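[1] A predicted structure for the sequence below; I have some questions about it.
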Amino acid sequence: MKINKDEIASYLNTLYPDAHCELNYDSLFHLLIAVMLSAQTTDVSVNKVTPVLFEKYPDPKDLMNADLKDVEDIIKSIGLYKNKAKNIIETSKILHTNFNDLVPNTFVGLTSL
């Protein structure tokens, strides 16, 4: 039996009619970084650190040039902050260099990050 993506989406919408993202963001870049930070921690914890992070480093160019220790200090209240700081800086470099500061909208583009 073959089920297509529209049937799956319809079924999930029936099961979870009020589903929405709990992360606070105002751009696709901020959403990407918030999702990366959310691994092994709560969205509530991420939402506490991202306002400071995004105020200081609002776009990929700013974040790619950030001091690693400063980013670690900003996000240190969430788990795995040392690796996450390194990874979000590196991801920002890739976004700036390969995608003109835009979050790619293809599977291949996203997985290249």
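    Looks like it came in fine. Numbers count the residues shown, from 1 in each chain.
[2] what bits of the protein have low per-residue confidence?
    1 (pLDDT under 70).
[3] how about the helices in it?
    Ranges of helices within the chain are 5-15, 28-37, 43-56, 60-64, 68-75, 81-99, 107-111, based on DSSP state H.
[4] which residues does residue 102 contact?
    By CB atoms under 8 Å, 6 or more residues apart in numbering, the contact set of residue 102 is 28, 95. Every residue, glycine included, has its C-beta placed from N, CA and C.
[5] list the contacts for residue 44?
    By CB under 8 Å, 6+ apart, the contact list for residue 44 reads residue 22.
[6] I'd like the distance between it and residue 26.
    Look at residue 44 and residue 26: by CB to CB, to the nearest Å, they are 18 Å apart.
[7] circling back to that earlier point, would CSV of the helices of the chain with distance to residue 21 be doable?
    Formatted as CSV, those follow (distance: least, CB to CB, whole Å):
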stretch, distance to residue 21
helix 5-15, 14
helix 28-37, 8
helix 43-56, 8
helix 60-64, 21
helix 68-75, 19
helix 81-99, 18
helix 107-111, 16
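[8] pretty sure residue 82 contacts residue 71?
    No. At 9.7 Å, residue 82 does not count as touching residue 71 under the criterion of CB atoms under 8 Å.
[9] looking at those two, which one has more neighbours?
    Ranked by neighbour count (other CB atoms under 10 Å), residue 82 and residue 71 place residue 71 first, with 23 against 13.
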